[in-house]
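Asker: Sequence and computational prediction follow.
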Amino acid sequence: MDVGDLPDEDDVRSKSDRKKSARYNVIVTLNHEQMAAAEGWRAAHGITDRAEALGELVRLGLLGEVTKIYRLVSGGRTMGPREGGETHP
């Protein structure tokens with residue numbers, strides 16, 4: 001996907017409802033093990049739509065990466081001290 005294929009940033013901001021419902025078709029190549037793992041995860045979670053399951057796996061993976069970065073920059077804190085947070089070595 002080329003950056004030019006994405007909606008203009010100002011256009012997206014002015015139409016936030018459309019941004020929330022926008023969907024993109026992406027071609028992804030998976031090997032047999034990756035596809036089997038994705039299908040097993042989909043079945044285990046009762047998701048019938050393969051695209052929905054793969055989208056959720058991508059979302060979860062991105063959240064995991066954001067969490068790693070947050071922990072790195074926050075010194076390992078998972079929550080603030082008022083919320084009962086702890087630090088990790």
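Answerer: In hand now; what should we look at? Numbering: from 1, shown residues only.

Asker: What's the local residue count around residue 54?
Answerer: When neighbours are defined as other C-beta atoms under 10 Å, residue 54 has 19 of them. C-beta coordinates here come from the backbone N, C-alpha and C atoms, glycine included.

Asker: hang on, isn't it packed against residue 28?
Answerer: Yes. Residue 54 sits in contact with residue 28 when judged by C-beta atoms under 8 Å, with a separation of 7.3 Å.

Asker: Mind naming the longest helix for the chain?
Answerer: Counting by DSSP state H, the longest helix found in the chain is helix 50-73.

Asker: For that helix, which residues meet the burial criterion?
Answerer: 53, 54, 57 (16 or more other C-beta atoms under 10 Å).

Asker: Tell me who's in contact with the second one.
Answerer: To tie it back to what came earlier, the one meant is residue 54. Taking C-beta atoms under 8 Å, 6 or more residues apart in numbering as the contact definition, residue 54 lies against 28, 38.

Asker: Just the pLDDT at it, thanks.
Answerer: According to the prediction, residue 54 has pLDDT 96.

Asker: swap in the last one?
Answerer: pLDDT for residue 57: 97.

Asker: Next up, the contacts around it.
Answerer: 38, 41 are the contacts of residue 57 under C-beta under 8 Å, 6+ apart.

Asker: Can you pull out the low-pLDDT segments for the chain?
Answerer: Scanning the chain with the threshold set as pLDDT under 70 gives 1-20, 77-89.

Asker: do that again at 90, thanks
Answerer: The chain contains residues with pLDDT under 90 at 1-23, 71-72, 74-89.

Asker: hmm, back to that, including distance to residue 24, could the buried residues of helix 50-73 go into a markdown table?
Answerer: Below are the buried residues of helix 50-73 laid out as a markdown table (distance: C-beta to C-beta, whole Å):
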| residue | distance to residue 24 |
| --- | --- |
| 53 | 16 |
| 54 | 12 |
| 57 | 16 |
